[in-house]
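Asker: Would you be able to build a 3D model of this:
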Amino acid sequence: MDSIIRQFSGRSHTPLVQFIKYGICGGAATVVHIGIFFFCAWKLLPALGAMDPLVRLFGLTVSPVAESARAWHALADNAIAFVFSNLTAYLLNILWVFERGRHHWWIEVGLFYGVSGISLVVGSILQTFLIQHFGLATTPAFGANVIASMSINYVLRKFMVFKG
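Answerer: Numbering: from 1, shown residues only. Below is the predicted model of the structure:
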């Protein structure tokens, strides 16, 4: 048991343990992303309609928003959440998963966000392709998006951004 605890406590560990820790950090960043997105969609740039499941579940009060404005607001809310969730992921990754020092800190941060942008685009294209060409339901298509994004992020961050 002590060896398992030691494996998870530092940054020196097997690739499997590193990947598990990376997944935990990604989960935390995802929670931050979802929380900030929905807070912004509720209070900052309204993007929630009265029939939205979250609004109904929590009994939130929302103002009516035109569909075109709602779509643009959701995009902006998602961009805001992207910035903060990636900051969370970056901080957790340098504290618990990867070793810094391959690049100067500002290059490292830029590469970190760049990799996130690449995986966001690739995962979104895959999700859209699966829905449009195979008629896959949204939830499994989103799952494929998450798996593709997580894999791309892990490999590129491990071998290009950090020291592994």
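
Asker: CA only for contacts and neighbour counts going forward, please
Answerer: Noted.

Asker: Could you point out the longest helix of this structure?
Answerer: helix 105-134 (DSSP state H).

Asker: Mind giving me the packing neighbours of the helix or strand following it?
Answerer: Counting by DSSP states H and E, the element after helix 105-134 in chain order, helix or strand, is helix 138-156. Counting contacts by 3 or more Cα pairs under 8 Å, 6 or more residues apart in numbering; DSSP states H and E, helix 138-156 is packed against helix 15-39, helix 105-134.

Asker: Give me the residues contacting stretch 112-129.
Answerer: Stretch 112-129 is contacted from outside by 86, 90, 138, 141-142, 144-146, 148-150, 152-153, 156-157, 161, using Cα atoms under 8 Å, 6 or more residues apart in numbering.

Asker: run the last query once more with 6 Å
Answerer: Stretch 112-129 is contacted from outside by 141-142, 145, 148-149, 152, using Cα atoms under 6 Å, 6 or more residues apart in numbering.

Asker: Can you give me the buried ones in it?
Answerer: 112-113, 115-116, 119-120, 122-124, 126-128 (16 or more other Cα atoms under 10 Å).

Asker: possible to save the helices and strands packed on helix 138-156 as a markdown table with distance to R70 and mean pLDDT?
Answerer: Putting the helices and strands packed on helix 138-156 into a markdown table (distance: least, Cα to Cα, whole Å; pLDDT from 0 to 100) gives the following:
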| stretch | distance to R70 | mean pLDDT |
| --- | --- | --- |
| helix 15-39 | 13 | 91 |
| helix 105-134 | 20 | 91 |
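
Asker: which stretch among those comes nearest L75?
Answerer: Among the helices and strands packed on helix 138-156, helix 15-39 comes nearest to L75, with 9.5 Å by Cα to Cα.

Asker: okay, the angle between that closest one and helix 138-156?
Answerer: On the basis of axes from the mean of the first three to the mean of the last three Cα atoms, to 10 degrees, helix 15-39 is oriented at 130 degrees to helix 138-156.

Asker: same for helix 15-39, what does it pack against?
Answerer: Using 3 or more Cα pairs under 6 Å, 6 or more residues apart in numbering; DSSP states H and E, the elements in contact with helix 15-39 are helix 67-92.

Asker: hang on, the earlier thing: among the helices and strands packed on helix 138-156, which is nearest A79?
Answerer: Here helix 15-39 is closest among these (Cα to Cα), at 8.4 Å.

Asker: And stretch 141-160, what's buried?
Answerer: In stretch 141-160, counting by 16+ other Cα under 10 Å, buried: 141-142, 144-146, 148-150, 152-154, 156-158, 160.
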